[in-house]
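# here are the coordinates; sequence isn't available:
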């Protein structure tokens with residue numbers, strides 16, 4: 001019997017597809033945030049975190065000039081994201097708000113707002 005005859009089968013397929021879309025979009029937002037992050041020593045770039053269900057309000061000073069480690073850690077968390085859940089992509093860097101408000105020549109228009117805007121436009 002195929003899913004066409006069982007609404008529950010269709011729901012399972014739709015939810016699986018939705019979970020994959022959520023993971024893909026989360027990964028794109030994180031990638032945009034990391035790529036758009038200004039880099040002096042990699043401290044701000046390393047500050048981006050992905051969490052599920054609740055934010056992580058801690059800050060630990062780390063460095064990641066390339067952004068590869070930050071991206072890998074975030075993608076690992078994003079892989080467990082599910083449709084309907086809360087996903088946080090955030091930075092608790094002490095100067096994150098200043099950077100978001102344009103206090104960097106490398107990112108004069110911020111980081112998070114532009115990343116979110118880019119992904120929203122892409123999936124319009």
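Sure, I can see it. Every value quoted in this text rests on a predicted model; they were computed, and no experiment measured them.

# which residues touch residue 100?
With contact set as Cβ atoms under 8 Å, 6 or more residues apart in numbering, residue 100 has these partners: 110, 111, 112, 113. Placement of C-beta: from N, CA and C, glycine included.

# any idea of the pLDDT on it?
Per-residue pLDDT puts residue 100 at 95.

# on that earlier part again, pLDDT and neighbour count added to the contacts of residue 100, as JSON lines?
Listed next are the contacts of residue 100 as JSON lines, based on pLDDT from 0 to 100; neighbours: other Cβ atoms under 10 Å:
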{"residue": "110", "pLDDT": "95", "neighbour count": "19"}
{"residue": "111", "pLDDT": "96", "neighbour count": "24"}
{"residue": "112", "pLDDT": "97", "neighbour count": "19"}
{"residue": "113", "pLDDT": "95", "neighbour count": "12"}
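
# Strands - which of these land there?
Taking DSSP state E, every one of those sits outside strands.

# In helices, which of the residues you listed fall?
The helices, defined by DSSP state H, take in 112, 113 from the contacts of residue 100.

# Generate JSON lines for the contacts of residue 100, with distance to residue 89 as supplementary columns.
Output for the contacts of residue 100, formatted as JSON lines (distance: Cβ to Cβ, whole Å):
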{"residue": "110", "distance to residue 89": "14"}
{"residue": "111", "distance to residue 89": "11"}
{"residue": "112", "distance to residue 89": "8"}
{"residue": "113", "distance to residue 89": "12"}
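
# now, among the contacts of residue 100, which is nearest to residue 35?
residue 111 (9.2 Å; Cβ to Cβ).
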